[in-house]
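# Predicted coordinates and the sequence they were generated for:
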Amino acid sequence: QRLGPGALSALVPAEAELWLDGGHNPSAGRVLAQAFSELNDRHSRPLVLIWGMLNTKDVGSFVGCFAGVASRVVAITIPDEENAVKAEVLAEAARGHGLAAETADSLEAALRQAALTVPAPRILICGSLYLAGRVLATHANEEMTRVSGAGRR
């Protein structure tokens, strides 16, 4: 889904696009890469992945789908998730597929790093439903709950 105005979109240039997807397996990676490749054919701009995953998923097969599609990857460790893959491990997996990759200490830091891309990028936050829940709550300035991981009003 494309994220509209909110706490996270305020961290990137107004011309940038901010997208979120909870896909976390190779099939989702292929569909996402194809969709963003087609979007780029219609309106070209660099695609930056902000990526976090759990260790129960196939990290390499997911990110490999974005080779030739994403201009760079900013890997993050999903906060407060004991099964989160460390950002450096994700970045190394992305590099193994020929993608430029770096790490960030937080979602907000990753967005600030992605925002430096010129021209204004298309940013896709992806890789985990746990990360997606956190993104939606943060974007809406909601508190996370321990039970669901999602924001509640």
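Looks like it arrived, so ask away.
# so who does Ala100 touch?
By Cβ atoms under 8 Å, 6 or more residues apart in numbering, Ala100 lies in contact with 71-73, 94. Heads up, the C-betas are built off the backbone N, CA and C, glycines and all.
# Kindly recompute the last result at 6 Å.
Contacts of Ala100 were listed using Cβ atoms under 6 Å, 6 or more residues apart in numbering, and they are Arg72.
# Now do it, the pLDDT please.
In this model, Ala100 is scored at 98, pLDDT.
# now the most centrally placed residue in the chain, nearest residue through space, not along the chain?
Geometric centre of the chain, nearest residue: Ile125, 2.1 Å, by Cα atoms, centre = their mean. Ranked by Cβ to Cβ, 6 or more residues apart in numbering and with sequence neighbours excluded, the top spatial neighbour of Ile125 is Ile50, at 4.5 Å.
# Can you list phi and psi of the one you found for me?
phi -110, psi 120 (degrees, to the nearest 10).
# for it, which residues make a bridge with it?
Counting by DSSP bridges, Ile50 forms beta bridges with Val74, Ile125.
# wait, the residue nearest to the centre of the chain sits on Gly133?
No - look at Ile125 against Gly133 with Cβ atoms under 6 Å: they stay out of range, at 11.5 Å.
# What is the neighbour count of Gln34?
If you count neighbours by other Cβ atoms under 10 Å, Gln34 ends up with 12.
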